[in-house]
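Undergrad: sequence first, then the predicted structure, then my questions.
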Amino acid sequence: MSGQNVIGRGTWIDKLAHELVEREKSLGRNLDIIRVESGLGASGIPHIGSLGDAVRAYGVKLALEDMGYDSTLIAYSDDLDGLRKIPEGFPDSLQEHIAKPVSLIPDPFGCHDSYGMHMSGILLDGLDKVGVKYEFRRALDTYKNGLLKEQIHTIMLNSSKIGQKISDMVGQEKYQKYLPYFPVCAQCDKLYTAESIQYIADEQKVLYKCHDAEIGSSIVSGCGYDGEADISKNLGKLAWKVEFAARWAAFDVRFEAYGKDIMDSVKVNDWVADDILGFAHPHHVKYEMFLDKGGKKISKSLGNVLTAQKWLEFGTPESILLLLYKRISGARELGFEDIPGLMVEYDELEDVFFGKVKVDNPAKLVKLKGLYQYVNLLEPPAEPHIHVNYRLLVELCKIFRDNREDMVAGKLREYGLNHDSHIISLIKLAGNFADEFGKQEKANVELDSGMKSALRILVDKLVTVQESDDIQNVIYQTAKSNSIKPKDFFIVLYQILLGTTRGPKIGPLIRDMGSKKVTDMISEHL
RNA sequence: GGGUCUAUGGCGCAGCCAGGUAGCGCACAGGACUCUUAAUCCUGCUGUCAAGGGUUCGAAUCCCUUUAGACCCGCCA
């Protein structure tokens, strides 16, 4: 590995940006500005995978800038997408809006101008929170302003050729029969009920008829309207199989990552861009979807969605960025329980970056340092933070629920760790994690008579001691003098106090919890 | 039917994408710290890195074949 050249900062992001630039050079395209794009769904609740698409594209933008090029990330919200299913937790009143573009549906929560913007807003907020900068664009404006009209026109003229090619490439037959353009019915606002009948090239209009259509397993009724859609200003949208290509050409997009679920669409769009629109398709990278812990695809329309907002209750923005930048390939099952590991891993990376931990392999050192820099969006801090193991914080937070910040901070001081505002914020995150996932069931503690009498004696004795060492000794002595194995006695105490069979050293623990509270808890079991 | 990914100590996984002594977390066992038990430190665990072949001085890592599992596409966007 020694004699090899390291590209950029040694990460997959650098490699990708490098490939992209090499390709652009061989195509002979202008490199004054290199646009990268990320598409945001606007019909379902945006989960961490949707965020990942944009975050990774942003990483490529950073790498391009690092190489000396100008670059922009376009965050494109597909908000003419039709509502097909009401997400869990959303009101049933949305039923009447099924099949309408999400940007024409009122926001059921009243905080955005439409349902679509509400959804996009959640994602954009997530991007803001992790520090990603982007240029926002949306389908509604794109079509209303006719930004794709040239591409739509060309696609419509070639629709039969495209339909045949789609059939050849991916086996989907429908576009041999239908035009790849879905008008929004001017009378009822519905998208999938309006069927394109004919394209009138001279007028650049699509004739359509609104009729009943099947969406998923249910029938959505059309209104019977016969209309015409002007592709330069009326609402409607291209089918996915051709829409990306139109957008790439119109916006001059040079890079877009995609999830493997839309692999076929990308393949077709690349061909459309190259062969129909005469625009060399963007460079791509494919990534695996995040799956939930059961190995199922995280569905955007289901309720238990792993959003950036929820993640940030438990982990830092860096923990999300680390997740998304550490690698791109490989299927991954993801859950909130991965947060502690990522929190710890970030600290380890920081140690590597600041030279506190040695890495033998020089190439790996470069790569790890590079990863750390990307996780900090290429603006790493000048000084490392004080590190406290997140898992330890979670354990401490499980024990201390009242007055948590002070109690945990005090505990850290005992361990000889200074703390600062950063640590305080970590305690909050770890505390949220402990509250959400660290629920300890009140174990049914079975006590025989010998154990009970020993506990009674202990309760009486505990009142008389203050120091943690004394408490520790009292417990030990009480066990011994009652012919109980200290091991068993301690286990019982941990079960009563923490619901576990083990825990922190019990003397200091009891002192910290307060002997009165402890004796009360013990007494409940007697 | 088409495609992608995954396969590494008991369990969960990292390392692979730019080859160089096989690692982490958890679990378990033992030990050090005074007898207990958090933290910390040490040791161990049955790892032929799915199987076979190839390239190489050298392969968990690159290439090919095979097997098993998962997911995606073949509604729609």
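TA: Nice, thanks for sending it over. No experiment lies behind these values; they were computed from the predicted model shown.

Undergrad: contacts for stretch A:312-326?
TA: Contact partners of stretch A:312-326, identified using C-beta atoms under 8 Å, 6 or more residues apart in numbering, comprise A:11, A:13, A:48, A:51-52, A:55-56, A:59, A:129-131, A:308, A:311, A:334, A:336, A:338-339, A:342-343, A:345-346, A:349, A:371, A:374-377, A:426, A:429-430, A:432-433, A:436. Heads up, the C-betas are built off the backbone N, CA and C, glycines and all.

Undergrad: same for RNA strand B: which of those are within range?
TA: When those are checked against RNA strand B using C-beta under 7 Å from any atom of the strand, the ones in range are residue A:11.

Undergrad: for ChimeraX, what selects the buried ones among the contacts of stretch A:312-326?
TA: Selecting only the buried entries of those in ChimeraX, with 16 or more other C-beta atoms under 10 Å as the criterion:
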select /A:11,13,48,51,52,55,56,59,130,308,311,334,336,338,339,342,343,345,346,349,371,374,375,376,377,426,429,430,432,433
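
Undergrad: burial count for the closest residue to RNA strand B within chain A?
TA: With C-beta to the nearest atom of the strand, the shortest gap between chain A and RNA strand B falls at residue A:490, namely 2.7 Å. Around residue A:490 there are 18 other residues, counting by other C-beta atoms under 10 Å.

Undergrad: check residue A:88 too.
TA: Neighbour count for residue A:88, taken as other C-beta under 10 Å: 12.

Undergrad: and the gap between it and residue A:466?
TA: 53 Å (C-beta to C-beta, to the nearest Å).

Undergrad: what about the longest helix seen in chain A, distance to the chain center?
TA: When chain A is parsed with DSSP state H, its longest helix is helix A:48-66. Centroid separation for helix A:48-66 versus its chain: 13 Å, with C-alpha atoms, centre = their mean, to the nearest Å.

Undergrad: please apply the same query to stretch A:378-389.
TA: In terms of C-alpha atoms, centre = their mean, the centre of stretch A:378-389 is set 23 Å apart from its chain centre.

Undergrad: do the same with stretch A:116-134
TA: Put simply, stretch A:116-134 sits 11 Å off its chain's centre (C-alpha atoms, centre = their mean).

Undergrad: can you check stretch A:467-476 too?
TA: 47 Å.

Undergrad: can you dump the C-alpha atoms of it in PDB for me?
TA: Extracted as PDB, the C-alpha positions of stretch A:467-476 are listed here (Å, rounded to 0.1, in the frame of the first residue of the first chain):
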ATOM      1  CA  GLU A 467     -19.500   7.600  53.700                       C
ATOM      2  CA  SER A 468     -19.500   5.400  50.700                       C
ATOM      3  CA  ASP A 469     -16.800   3.200  52.000                       C
ATOM      4  CA  ASP A 470     -18.700   2.600  55.200                       C
ATOM      5  CA  ILE A 471     -21.800   1.800  53.200                       C
ATOM      6  CA  GLN A 472     -19.900  -0.700  51.200                       C
ATOM      7  CA  ASN A 473     -18.500  -2.300  54.400                       C
ATOM      8  CA  VAL A 474     -21.900  -2.400  56.100                       C
ATOM      9  CA  ILE A 475     -23.300  -4.300  53.200                       C
ATOM     10  CA  TYR A 476     -20.500  -6.700  53.100                       C
END
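
Undergrad: right, and residue A:139 touches residue A:102 too?
TA: No: under the criterion of C-beta atoms under 8 Å, residue A:139 makes no contact with residue A:102, lying 9.4 Å away.

Undergrad: list residues touching both of these two?
TA: Common neighbours of residue A:139 and residue A:102, counting by C-beta under 8 Å, 6+ apart, are A:79, A:80, A:81.

Undergrad: so which of those also contact RNA strand B?
TA: Answer for those near RNA strand B (C-beta under 7 Å from any atom of the strand): residue A:81.

Undergrad: redo the shared contacts of residue A:139 and residue A:102 as CSV? Include pLDDT, secondary structure and neighbour count.
TA: Shown next, in CSV, are these (pLDDT from 0 to 100; DSSP: H, G, I helix; E, B strand; the rest coil; neighbours: other C-beta atoms under 10 Å):
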residue, pLDDT, secondary structure, neighbour count
A:79, 93, coil, 26
A:80, 93, coil, 26
A:81, 91, coil, 20
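
Undergrad: residue A:121: which of the shared contacts of residue A:139 and residue A:102 is nearest?
TA: Nearest to residue A:121 among those: residue A:79, at 10.7 Å, using C-beta to C-beta.

Undergrad: now do the contacts for the closest one.
TA: Going by C-beta under 8 Å, 6+ apart, residue A:79 touches A:42, A:101, A:102, A:103, A:114, A:116, A:117, A:120, A:138, A:139, A:140.

Undergrad: residue boundaries of the strands in chain A?
TA: Ranges of strands in chain A, per DSSP state E, are A:33-41, A:70-78, A:135-138, A:181-183, A:194-200, A:205-210, A:213-215, A:218-220, A:226-230, A:236-238, A:253-259, A:283-287, A:290-291, A:332-333.

Undergrad: tell me, which of those is the model least confident about?
TA: Lowest mean pLDDT within these: strand A:332-333, at a mean of 72.

Undergrad: tell me the strands beside that strand, with direction?
TA: Sheet pairing of strand A:332-333 (DSSP bridges) gives strand A:290-291 (parallel).

Undergrad: could you check how far the strand it pairs with is from the centre of its chain?
TA: Its chain's C-alpha centre and that of strand A:290-291 lie 10 Å apart, by C-alpha atoms, centre = their mean.

Undergrad: does RNA strand B sit close to that strand?
TA: Yes: Strand A:290-291 lies within reach of RNA strand B by C-beta under 7 Å from any atom of the strand, at residue A:291.

Undergrad: do the same with stretch A:220-232
TA: No: figure legend: stretch A:220-232 not in contact with RNA strand B (C-beta under 7 Å from any atom of the strand); closest approach 11.6 Å.

Undergrad: which residues touch that stretch?
TA: The contact list for stretch A:220-232 (C-beta under 8 Å, 6+ apart) reads A:98-99, A:146, A:148-149, A:152-153, A:156, A:181, A:183-188, A:190, A:192-194, A:200, A:203-214, A:235-236.

Undergrad: so which bits of it are buried?
TA: Going by neighbour count (16+ other C-beta under 10 Å), the buried part of stretch A:220-232 is A:220, A:222, A:223, A:225, A:227, A:229, A:231, A:232.

Undergrad: before we move on, back to that, CA atoms only for the longest helix of chain A, dumped as CSV, please.
TA: C-alpha atoms of helix A:48-66 as CSV (Å, rounded to 0.1, in the frame of the first residue of the first chain):
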residue,chain,number,x,y,z
ILE,A,48,-32.4,8.9,7.5
GLY,A,49,-31.9,7.3,4.1
SER,A,50,-33.4,10.3,2.3
LEU,A,51,-31.2,12.5,4.3
GLY,A,52,-28.2,10.3,3.3
ASP,A,53,-28.8,10.9,-0.3
ALA,A,54,-28.4,14.6,0.1
VAL,A,55,-25.6,14.4,2.7
ARG,A,56,-23.5,12.1,0.5
ALA,A,57,-24.1,14.4,-2.5
TYR,A,58,-23.0,17.2,-0.4
GLY,A,59,-19.8,15.3,0.5
VAL,A,60,-19.0,15.1,-3.2
LYS,A,61,-19.6,18.8,-3.6
LEU,A,62,-17.1,19.4,-0.7
ALA,A,63,-14.6,17.1,-2.4
LEU,A,64,-15.0,19.0,-5.7
GLU,A,65,-14.4,22.3,-4.0
ASP,A,66,-11.5,20.7,-2.3
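
Undergrad: among the buried residues of stretch A:220-232, which one lies nearest to residue A:177?
TA: For the buried residues of stretch A:220-232, the nearest to residue A:177 is residue A:222 (18.0 Å; C-beta to C-beta).

Undergrad: dump the residue contacts of the closest residue to that closest one other than its chain neighbours.
TA: Of all residues not flanking residue A:222 in the chain, residue A:193 sits nearest, at 3.5 Å (C-beta to C-beta, 6 or more residues apart in numbering). If a contact means C-beta under 8 Å, 6+ apart, then residue A:193 has A:99, A:185, A:210, A:211, A:212, A:213, A:220, A:221, A:222, A:223 as its contacts.
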